[in-house]
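[1] structure for the following, please:
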Amino acid sequence: MCLAVPGRVLDIEERDGTRMATVDFGGVVKEVCLEYLPDLQVGEYAIVHVGFALQRLDEESAKQTLELFAELGMLQEEFGDAWETAAAEAGVEPVEEVRNQ
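    Presented below is the predicted three-dimensional model:
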């Protein structure tokens, strides 16, 4: 599943002519493109989908959504290790754990 997740802008910089931000998604920090929201500022929240900030969001709505996603385990599903998730769904131990035994 690929969610649109609210995140808070921590830092903004221009990279190779593209406005990029470091965004916090309830403890998970990722790089996000701001080309669709060129006036977004540090401290503001936006809904992000596949690495692009798409819509500005108020802080209260963003926090409520992040809490709900966390309760439902959707943040781990969205941002967790894809190999670990696939192994768990298949009922197989992740490779790292098998090597350490």
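
[2] and the nearest residue to L34 once chain neighbours are set aside, helix, strand or coil?
    Ranked by C-beta to C-beta, 6 or more residues apart in numbering and with sequence neighbours excluded, the top spatial neighbour of L34 is R19, at 4.2 Å. C-beta here means a position set from N, CA and C on the backbone, and glycine is covered the same way. The three-state assignment at R19 reads strand, by DSSP: H, G, I helix; E, B strand; the rest coil.

[3] wait, R19 touches Y36, no?
    No: the pair R19 and Y36 fails to qualify as a contact (C-beta atoms under 8 Å) at a distance of 9.8 Å.

[4] neighbour count: these two, which is higher?
    When neighbours are counted by other C-beta atoms under 10 Å, R19 comes out ahead of the other of R19 and Y36, with 18 against 13.

[5] D39: neighbour count?
    Other residues within reach of D39, judged by other C-beta under 10 Å, total 8.

[6] check the gap between it and R56 for me.
    Using C-beta to C-beta, to the nearest Å, we find D39 at a distance of 9 Å from R56.

[7] and the longest helix anywhere in the chain, what does it pack onto?
    Secondary structure assigned by DSSP state H gives helix 59-71 as the longest helix of the chain. Counting contacts by 3 or more C-beta pairs under 8 Å, 6 or more residues apart in numbering; DSSP states H and E, the secondary-structure elements packed against helix 59-71 are strand 5-15, strand 45-49, helix 74-79.

[8] now do the buried residues in it.
    For helix 59-71, the neighbour count (16 or more other C-beta atoms under 10 Å) marks 62, 65-66, 69 as buried.

[9] output the below-cut-off pLDDT ranges for the chain.
    Counting by pLDDT under 70, the ranges of the chain that qualify are 1-2, 75-101.

[10] 90 instead, please
    Screening the chain residue by residue with the criterion pLDDT under 90, one finds the ranges 1-5, 25-29, 63, 65-101.

[11] and the residue nearest the centre of it?
    F25 (4.9 Å; C-alpha atoms, centre = their mean).

[12] please name the nearest non-neighbouring residue to that one.
    Here the nearest residue to F25 in space, its sequence neighbours aside, is G7; by C-beta to C-beta, 6+ apart that works out to 4.3 Å.
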